[in-house]
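Visitor: below are the sequence and a predicted model; questions follow.
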Amino acid sequence: MRVKFSEQESKAENIIAGRNPVREALKAGRAINKVLVAGMPVGPLKEILLLARERGVPVQQVQRVHLDRLSPGITHQGVVAMAAAGRYVSVEDILQRAGTAEPFLLLLDEITDPHNLGAILRTAEAAGAHGVIIPRHRSAGLTPAVGRASAGAVEYLPVARVANLSRTIEYLQQKGIWVVGAEGSAGDLLWDVRLDGPIALAIGGEDKGLGRLVREKCDLLVRLPMAGRVNSLNASVAAALLAYEVVRQRRRAGNGRISGR
């Protein structure tokens, strides 16, 4: 059933302003990146916050002036929702999409830059990945900026948003998927290991790389060769190099098993 939002919905492509529009968007299951509130969560605002938490949508308290800037000329009533550019799916949906093929996923740990996330989605779709998994917190979401940076890939590539990335890794491992993390201090170069079976590539954020818990959960860590003075690459560049090494090895081996299985 399609939900018609009131005229209070902002003309900005990812802003929903006002208590009723935000409440109805949450009830309808619309993909929301986060809800911003100003003031004390009492009355209708408290109901909205409870609904957001039930839906697993992050809530952030901000100054009223911030909401004024986000929704100029609109009576926001102390609440604004940031709608996603596309809908999120479940991890199970992504695995189902793989069908009988060996799954090829990307796990993104705290990629906060929308342009980096969009570029990674574009690469993942082009490389034939079955989907991308991002954490619910401390990560860019499917905003219009991400959609633009992905050059339309967000319309075709399933993206799951999860509460706990390390637990998701455990779930994938139970499904027989090998989780390989990109880590600058790893002993193995990316082309010295086999990456041609069911695989999830874990890529860390722009500044810190993989978080400790995610890194420890990985089955294997690999690094990219760095011959210059710069000691790291942009996250989207690293993701592209790793993804296409998977593509190369799969084509060469005909989806053979990963070494160590």
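Guide: Arrived safely, thanks for sending.

Visitor: CA only for contacts and neighbour counts going forward, please
Guide: OK.

Visitor: what segments of this structure are helices?
Guide: Taking DSSP state H as the criterion, the chain contains helices spanning 19-27, 44-54, 64-70, 91-98, 114-126, 144-149, 165-174, 212-217, 235-253.

Visitor: mean pLDDT lowest for which of the ones you listed?
Guide: Here the lowest mean pLDDT among those goes to helix 144-149, at a mean of 77.

Visitor: still on that earlier bit, so for residue 226, which of the helices of the chain sits nearest?
Guide: helix 235-253 (11.4 Å; CA to CA).

Visitor: what angle separates that closest one from helix 114-126?
Guide: Relative orientation of helix 235-253 and helix 114-126, computed by axes from the mean of the first three to the mean of the last three CA atoms, to 10 degrees: 10 degrees.

Visitor: which strands or helices does helix 235-253 pack on?
Guide: Here helix 235-253 touches helix 114-126, strand 199-204, going by 3 or more CA pairs under 8 Å, 6 or more residues apart in numbering; DSSP states H and E.

Visitor: just the ones you listed: most buried one?
Guide: Mean neighbour count (mean count of other CA atoms under 10 Å) peaks for strand 199-204 among those, with a mean of 25.

Visitor: sheet partners, orientation included, of that one?
Guide: strand 104-109 (parallel), strand 178-182 (parallel) (DSSP bridges).

Visitor: and the shortest one, how far out from the chain middle?
Guide: For strand 178-182, the distance between its averaged C-alpha position and the chain's averaged C-alpha position is 16 Å (CA atoms, centre = their mean, to the nearest Å).

Visitor: now the helices and strands packed on helix 235-253 as TSV including distance to residue 222?
Guide: Shown next, in TSV, are the helices and strands packed on helix 235-253 (distance: least, CA to CA, whole Å):
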stretch	distance to residue 222
helix 114-126	18
strand 199-204	10
